[in-house]
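S.K.: I would like the atomic coordinates for the input below:
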Amino acid sequence: MRNIAGQPIVTAAEMRAAEDQAINAGRTVDYLMAVAGEGGAAFVAARAEGRSVLVICGPGNNGGDGYVAARCLAEAGVSVRVAAIGDPRTDAAARARANWPGPVEDLASAGPAPVLVDCLFGTGLKRALDPDVGAGLARLVNAADLAIAVDLPSGVASDDGALLGPVPGFHHTIALGALKPSHLLQPSALLCGMIDLVDLGLDLPVATRVLGRPVLGSPPPDAHKYSRGMVAVIAGAMPGAGLLTAIAALRSGAGYVVVLGGNGGGPHAIVHRPLDAMTIAEPRIGAVVAGPGLGREAVALDKLALAFASRHPLVIDGDAIRLVTVDQLLAHDRPMILTPHAGEFAALFGELRGSKIDQARLAARQSGAVVVYKGADTVFAAPDGQVFVAEAANSWLSTAGTGDVLAGAIAAMLASGLSPVDAAAAGVWLHADAARRCEGAFIADDLAFALSAARGAV
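M.R.: Sure, this is the predicted structure:
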C-alpha cells in the first residue's frame, strides 16, 4: 500500500497496455492476479478487526482478484465468505475460483457481513450493472459497517468519473496497479471513499499524476521583498475581490504586493497605486493578476490590455477569462496561468470532448498556458501535456471569493520564480491545505489568512 500523492493516473487503455507489457515480459495473468489479490487481502485484514468478511465476485478478472483475496483472508484466519453473480468467464478467474476452498453463494440470496468487499467489476466497465446485480450490491454495501471496493466501485466508468448507473458509496477503494481518473474525478470520486494503492510493479505512463506536496522552504538569509516576488493585482468593479487576491499573495509568501487602480483598503502591507502603463511596467513585478472582480465593461477590456502590454507573467482569472481570446493568449510570449471554473472554461474553450483531464490538456495546448480547471475536482495541465489532479479538498471551499484567494496563491508562486506548472501545483496545494486548516463555514478571508500557516509548513 502506498500514499497516492505523486502517483501516475492511467486510463483503462493505458492500464491494459501496461499489463500486456508485463505479460509479454514473462509475468502471467495469474501472477498479476495473485499480487492484486494478496495486496487486497492484506488491506482488508488490517481493517476487519475480527469482523467477518463477504467478498462478492464478478465473472472477469476483477472477480478473480476477489477469489484470491478471499483465499488469502481465510489462510490468515479471517472469517470470510464468497458470493458471485455467475461462473468465471476468463481462464485466470476460473483458476482463482478453483483455488478458493469454500462455497460460493449466489449474490441475490447472500446474507450481509460487517465487512463487504466489492470485486464485481473494475477498470473498463462500459455499461450500467444489471438492475438485480446493482440492487444486490447496494443491499450488501448498505448493510455493512465497512465497504471496500477493489479497483473501482462497480458501476463506475474508469476514465471520466461518470456513473454508469446507481452506485453505492464505499468507505475505501483499493486501486490495483495504478490510479484511474475516476478515483479523483467527480462524481465517482465521492463514492470511492479513501483511496489506497496496491503496486503491481507495472511500467506506467507518467503524463498524468496526482498532485503532490510541494517543497518550497523558507526564504534564504539574504532574501528581500523583491527576491521573494512582487505581485501586481489589477483592481476592478468589485475591488474586494482584488484585495482578497492581494492578501492571499502576501500570505503565500510574496514579498511585495501592489494593487493597481483600486480604492485602497486591506492590510497596511498592501501598496496601492494607480493603474497606468507606467505603474504596470515596473520591471520588478514578477506576476500580474488580472480578473478577480474585474467586471466586463469596456474599462475592464482596457485594463486587461494593459496587463498583456506589460509583458509580465500573467495569472488570468474570473472575468478576464470571459474577455480574452485563445489567439490573444497565444500571442503572449511570457509565462501565463489561467484559473477557470467550469462556466469560464466553456466560455473560453467551448465544449471540449473527453474527461476533465482530456479537456484541460487540450485547453493548455490550444492556449499555450497552464490551465487550472477548478472545481470539486481540480485538474491543471501544461502545454507540454503534463496533467496533475488534486485530491479532494474541503467542500466548504464552495463560497464566494475562494477562487480569488487561489489566484493570489498561484501568483505568489509564479512571482517567486517557479515555472508556471510548478507555480500552479504549489498554489493549488497551498490553497487546499489552507482550507483543511479552516473550521466549517469559513469565508474567503479566513482562507487567505490560513495560507500563512500552510506556506510555513512547506
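S.K.: give me the phi and psi angles of residue 331.
M.R.: phi -80, psi -20 (degrees, to the nearest 10).
S.K.: and this structure, what are its domains?
M.R.: Domains of the chain are assigned by automatic domain parsing as 12-210, 230-456.
S.K.: so which of these comes closest to residue 223?
M.R.: domain 230-456 (7.4 Å; C-beta to C-beta). Placement of C-beta: from N, CA and C, glycine included.
S.K.: mean confidence (pLDDT) on the closest one, please.
M.R.: Mean per-residue pLDDT for domain 230-456: 97.
S.K.: for that domain, measure first residue to last.
M.R.: Start-to-end span of domain 230-456 (C-alpha to C-alpha, to the nearest Å) is 19 Å.
S.K.: about what we covered before: just send the domains of the chain back as TSV, with mean neighbour count and distance to residue 6 too.
M.R.: Below are the domains of the chain laid out as TSV (neighbours: other C-beta atoms under 10 Å; distance: least, C-beta to C-beta, whole Å):
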stretch	mean neighbour count	distance to residue 6
domain 12-210	20	6
domain 230-456	21	9
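S.K.: including distance to residue 222, could the ones you listed go into TSV?
M.R.: Listed next are the domains of the chain as TSV, based on distance: least, C-beta to C-beta, whole Å:
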stretch	distance to residue 222
domain 12-210	34
domain 230-456	13
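S.K.: closest to residue 216 out of these?
M.R.: Judged by C-beta to C-beta, the one of the domains of the chain that comes nearest to residue 216 is domain 230-456, at 6.3 Å.
S.K.: so residue 69 makes contact with residue 45?
M.R.: No - proximity of residue 69 to residue 45 does not meet the contact threshold set by C-beta atoms under 8 Å, at 9.3 Å.
S.K.: returning to what we had before: between the domains of the chain, which one is nearest to residue 221?
M.R.: So among these, domain 230-456 is nearest, using C-beta to C-beta, at 14.3 Å.
S.K.: which stretch among the domains of the chain comes nearest residue 3?
M.R.: Distances from residue 3 to each of the domains of the chain were compared using C-beta to C-beta; the minimum, 8.0 Å, belongs to domain 12-210.
S.K.: so what would you say the end-to-end distance of that closest one is?
M.R.: The first residue of domain 12-210 is 17 Å away from its last residue (C-alpha to C-alpha).
S.K.: likewise stretch 254-266?
M.R.: This stretch, stretch 254-266, spans 16 Å end to end (C-alpha to C-alpha).
S.K.: which residues are contacting that stretch?
M.R.: For stretch 254-266, the external contacting residues (C-beta atoms under 8 Å, 6 or more residues apart in numbering) are 223-236, 239, 242-243, 246-247, 249-250, 269-275, 279-280, 282, 284-285, 303, 411-412, 415-416.
S.K.: name the helices or strands packed onto whichever helix in the chain runs longest?
M.R.: The helix that spans the most residues within the chain, counting by DSSP state H, is helix 29-48. Packing partners of helix 29-48 (3 or more C-beta pairs under 8 Å, 6 or more residues apart in numbering; DSSP states H and E): helix 12-24, helix 61-75, helix 91-98, strand 115-119, strand 146-150, strand 172-176, strand 194-198.
S.K.: name the SS class of residue 245, please.
M.R.: Assigned with DSSP: H, G, I helix; E, B strand; the rest coil, residue 245 falls in the helix class.
S.K.: which SS class is the spatially closest residue to it that is not a sequence neighbour?
M.R.: Nearest non-adjacent residue to residue 245, counting by C-beta to C-beta, 6 or more residues apart in numbering: residue 408, 4.0 Å away. Recorded secondary structure, residue 408: helix (three-state DSSP).
S.K.: ok, now residue 413?
M.R.: Strictly by three-state DSSP, residue 413 counts as helix.
S.K.: ok, now how distant is it from residue 181?
M.R.: 26 Å (C-beta to C-beta, to the nearest Å).
S.K.: nearest to residue 218, out of the domains of the chain?
M.R.: For these, distance to residue 218 was read as C-beta to C-beta. The smallest value, 8.0 Å, belongs to domain 230-456.
S.K.: next one: the closest one to chain centre, how far?
M.R.: 18 Å (C-alpha atoms, centre = their mean, to the nearest Å).
S.K.: try stretch 129-149
M.R.: 26 Å.
S.K.: please save the CA atoms from that stretch in CSV.
M.R.: Taking Å, rounded to 0.1, in the frame of the first residue of the first chain, the C-alpha atoms of stretch 129-149 are listed here in CSV:
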residue,chain,number,x,y,z
LEU,A,129,-24.9,-3.0,-13.8
ASP,A,130,-27.8,-5.3,-14.4
PRO,A,131,-30.6,-3.9,-12.1
ASP,A,132,-30.7,-7.0,-10.0
VAL,A,133,-27.0,-7.1,-9.6
GLY,A,134,-26.9,-3.4,-8.7
ALA,A,135,-29.7,-3.9,-6.2
GLY,A,136,-27.8,-6.8,-4.6
LEU,A,137,-24.6,-4.8,-4.4
ALA,A,138,-26.4,-1.8,-2.8
ARG,A,139,-28.2,-4.0,-0.3
LEU,A,140,-24.9,-5.6,0.9
VAL,A,141,-23.0,-2.3,0.9
ASN,A,142,-25.7,-0.5,2.9
ALA,A,143,-25.8,-3.3,5.5
ALA,A,144,-22.0,-3.4,6.0
ASP,A,145,-20.1,-1.5,8.7
LEU,A,146,-17.2,-1.2,6.3
ALA,A,147,-17.5,-1.3,2.5
ILE,A,148,-14.3,-1.7,0.4
ALA,A,149,-14.2,-1.6,-3.4
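S.K.: got the residue ranges for the helices in the stretch 301-450 of the chain?
M.R.: Listed in chain order, the helices of the stretch 301-450 of the chain (DSSP state H, counting those that start in this stretch) span 319-323, 326-331, 342-349, 356-367, 402-415, 420-437, 444-456.
S.K.: okay, these in a markdown table with distance to residue 26 next?
M.R.: Supplementary listing: those in a markdown table, determined by distance: least, C-beta to C-beta, whole Å:
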| stretch | distance to residue 26 |
| --- | --- |
| helix 319-323 | 51 |
| helix 326-331 | 47 |
| helix 342-349 | 45 |
| helix 356-367 | 32 |
| helix 402-415 | 45 |
| helix 420-437 | 37 |
| helix 444-456 | 46 |
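S.K.: if we can go back for a sec, between the domains of the chain, which one is closest to residue 217.
M.R.: Of all the domains of the chain, domain 230-456 sits nearest to residue 217, with 10.2 Å by C-beta to C-beta.
S.K.: wasn't residue 266 part of a strand?
M.R.: No - judged by three-state DSSP, residue 266 forms no part of a strand; its state is coil.
S.K.: what's the spacing between it and residue 81?
M.R.: Computed as C-beta to C-beta, the residue 266 to residue 81 distance reads 63 Å.
S.K.: one more: residue 363?
M.R.: Here the criterion is C-beta to C-beta. By it, residue 363 lies 49 Å from residue 81.
S.K.: contact partners of the longest helix of the chain?
M.R.: Outside helix 29-48, the residues that touch it by C-beta under 8 Å, 6+ apart are 1, 19, 22-23, 53, 61, 64-73, 76, 78, 90-93, 95-96, 114-115, 117, 119, 146, 148, 150, 172, 174, 176-177, 196, 198-201.
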